[in-house]
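Participant: show me the folded form of this:
(one chain, ligands or ions: 1)
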Amino acid sequence: MVKLILKDIPDFHKIDVYEKNGGYQTLKKALGMSQQEIVDEVKKSNLKGRGGACFPTGLKWSFLAKNDKPKYLICNGDESEPGSFKDREIFEKNPHQFLEGVLISSYALGVKDAYVYIRGEYWRWINMMEVALADAYKKGYVGKNIFGTDFSVNIHIHSGAGAYICGEESSMMNSLEGKRAYPRVKPPFPAVIGVWGCPTIINNIETLSNIPEIIKNGGEWFSKIGAPAHPGTLLFGVSGHVNKPGVYELETGTPLMTIINDVCGGVKNGKQIKMVIPGGSSMPPLTREECLTMKMDNESLKAIGSAIGTAGVMVMDEDTDLLKVLKRITKFYYHESCGQCTPCREGCGWMLRVLDRIDRGEGRQEDLDLLISVAENIEGNTICALGDAAAWPVKWTIRKFRDEFAAKIPKHAVHIPILNKVHGVRNEADGFNILKQNNENEVVVSLMGKVQEDLNDESVRYSG
Ligand SMILES: Cc1cc2nc3c(=O)[nH]c(=O)nc-3n(C[C@H](O)[C@H](O)[C@H](O)COP(=O)(O)O)c2cc1C
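Facilitator: I've put the predicted structure just below:
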């Protein structure tokens, strides 16, 4: 197995160990190349962004506006998506390769100031990066006239506000500017009008950590690793019901069952898989059958309507209550919605309330279609992709596991407004089984026998 980032070298996070293993020599090589040559190598490598959207990095770089304004690079280390925990592994185990990637990228893009944005709660990794950066400054790899050339750059570590929305690229720019982290309407894209109104490239930490390997070995070499349409390795963050959860670097295209069985020691307690979310909590889930043949690269996942996302693989066994899972995930997005767009702000709340009432045993037969409809009204109708991230798990989990959700809804349960006191005293003898009195205006009942047949007859439902 090729390892490009997590190299299993003891103390690799220390600058002298990194240097002994050829560290910062690729930066020297890069400074002898033209900026365009570096962009061309990255294009040739077919590196796709590791931040979730899988956008081609070289192509993104080529959109950087060529004008007289300062150019900025933002390194996205917010990593707040549930199920994603791989960037912090880079901060901890290989910070210098990441910094070398930032330096090479800054040179290629004409950047004089690069920002490493790390979620505020990740103080441990912020401290580690501060130590690594200070060491790199001391050695002269960062700062003025690097390797005696006229290339100078400063790298700043910025601790974020601790909100999922800060990871969205345009919110991150607002956050850096000291404003509330609201997403910006696009276009204009950051590569044209970005932070402080200047051309800006935003890349994920893992994306940038691949750059030294690409420049050292060539873009073509990189393009031949793993799955051809999505080459390289991925840091898979595996969590849930496996014996050995953790972060594992594997080639793209590795079969999912190899990851679960061979790398992670199988499903806990010898249970069967019920569902796997392949790329962080927002990605459409896979059924057990889909897992059996799935290869973990974006093209293979796209073919069945999912995506690689951040490669945060969440494994759930046969005993998992998917309603509880979906409620938990939806609660997260409801809490984290910035509130700027109505479909996301209101829709996440509605999805949570409907899931919650099903969980309380008060679901209605029409609730599953209602949930899918709310999700579809959020999807594609918001300024940023947080809306999609909230909608996809609801829409796809219900579509793929509908029977499990339907089984939680009481058969023939209807909610009947109490138009007069008589409804409040209905009992089984009348063909009503009162499940619950919601409030003074509504009871939840299941209907039996004749009353069930009269379900559509308003006079029966509402008469005393
Ligand atoms: C709500 C939301 C949160 C995001 N959080 C992150 C994050 O924590 N880290 C990240 O790299 N990208 C995150 N992204 C994606 C970024 O907006 C952006 O696409 C990415 O940083 C680009 O890097 P890449 O091209 O190297 O993948 C998020 C997107 C959304 C919509």
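Participant: is the longest helix along the chain anywhere near the ligand?
Facilitator: Identified as the longest helix of the chain according to DSSP state H is helix 342-359. No: counting by CB under 6 Å from any ligand atom, the ligand has no neighbours in helix 342-359; the shortest distance is 10.0 Å. In short, each C-beta sits where N, CA and C put it, glycine included.
Participant: assess the claim that V42 and I211 are in contact.
Facilitator: Yes: using CB atoms under 8 Å, V42 is in contact with I211, at 6.9 Å.
Participant: neighbours of the residue of the stretch 51-200 of the chain found nearest the ligand, how many?
Facilitator: Using CB to the nearest ligand atom, the single residue of the stretch 51-200 of the chain nearest to the ligand is G167, 2.2 Å away. Using other CB atoms under 10 Å as the criterion, G167 is surrounded by 26 other residues.
Participant: with G339 instead?
Facilitator: G339 has 11 nearby residues by other CB under 10 Å.
Participant: equivalent analysis for F151, please.
Facilitator: For F151, using other CB under 10 Å, the count is 18.
Participant: how about the secondary structure of it?
Facilitator: coil (DSSP: H, G, I helix; E, B strand; the rest coil).
Participant: just checking, it touches K144?
Facilitator: No: under the criterion of CB under 8 Å, F151 is not in contact with K144, lying 9.2 Å apart.
Participant: how far is stretch 184-199 from where the chain is centred?
Facilitator: Relative to its chain's centre, stretch 184-199 lies at 22 Å (CA atoms, centre = their mean, to the nearest Å).
Participant: number the residues from 37 up from this point.
Facilitator: From this message on, residue numbering opens at 37, which makes the last subject stretch 220-235.
Participant: is that stretch up against the ligand anywhere?
Facilitator: No: Stretch 220-235 is not in contact with the ligand by CB under 6 Å from any ligand atom; minimum separation 9.2 Å.
Participant: again, but for stretch 257-268
Facilitator: No: against the ligand, stretch 257-268 shows no contacts by CB under 6 Å from any ligand atom, the least distance being 12.1 Å.
Participant: before we move on, the earlier item: got the contact list for the longest helix of the chain?
Facilitator: With contact meaning CB atoms under 8 Å, 6 or more residues apart in numbering, helix 378-395 is reached by 359-360, 362-363, 366-367, 369-370, 373-375, 399-400, 403, 406-407, 410-411, 413-414, 417-418, 422-423, 426-427, 430, 441, 444-445.
Participant: now with 6 Å?
Facilitator: Around helix 378-395, the neighbours that count as contacts under CB atoms under 6 Å, 6 or more residues apart in numbering are 359, 362-363, 366-367, 369-370, 373, 375, 399, 403, 407, 410, 413-414, 417-418, 423, 426, 430, 444.
Participant: tell me where the stretch 187-336 of the chain has strands.
Facilitator: Ranges of strands within the stretch 187-336 of the chain are 190-195, 236-240, 262-263, 266-267, 269-276, 282-287, 309-313, 322-323, based on DSSP state E, counting those that start in this stretch.
Participant: winner for burial among the ones you listed?
Facilitator: strand 236-240 (a mean of 26; mean count of other CB atoms under 10 Å).
Participant: about what we covered before: out of the contacts of helix 378-395, which are close to the ligand?
Facilitator: Of the contacts of helix 378-395, not one also sits near the ligand (CB under 6 Å from any ligand atom).
Participant: only whichever of these are buried, select them in PyMOL.
Facilitator: In PyMOL syntax, the buried subset of the contacts of helix 378-395 is picked out as below (16 or more other CB atoms under 10 Å):
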select buried, resi 359+362+363+366+369+370+373+399+403+407+410+414+418+423+426+430+444
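Participant: can you tell me which residues contact F134?
Facilitator: 126, 241, 245.
Participant: please identify the helix or strand for the residue lying closest to L391 once chain neighbours are set aside.
Facilitator: Sequence neighbours aside, K363 is the residue nearest to L391 in space, at 4.6 Å (criterion: CB to CB, 6 or more residues apart in numbering). Element membership for K363, per DSSP states H and E: helix 358-372.
Participant: coming back round to it: now the strands of the stretch 187-336 of the chain in JSON lines, with mean pLDDT and distance to D171?
Facilitator: Formatted as JSON lines, the strands of the stretch 187-336 of the chain follow (pLDDT from 0 to 100; distance: least, CB to CB, whole Å):
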{"stretch": "strand 190-195", "mean pLDDT": "98", "distance to D171": "12"}
{"stretch": "strand 236-240", "mean pLDDT": "98", "distance to D171": "23"}
{"stretch": "strand 262-263", "mean pLDDT": "98", "distance to D171": "32"}
{"stretch": "strand 266-267", "mean pLDDT": "98", "distance to D171": "31"}
{"stretch": "strand 269-276", "mean pLDDT": "98", "distance to D171": "23"}
{"stretch": "strand 282-287", "mean pLDDT": "98", "distance to D171": "24"}
{"stretch": "strand 309-313", "mean pLDDT": "98", "distance to D171": "38"}
{"stretch": "strand 322-323", "mean pLDDT": "98", "distance to D171": "42"}
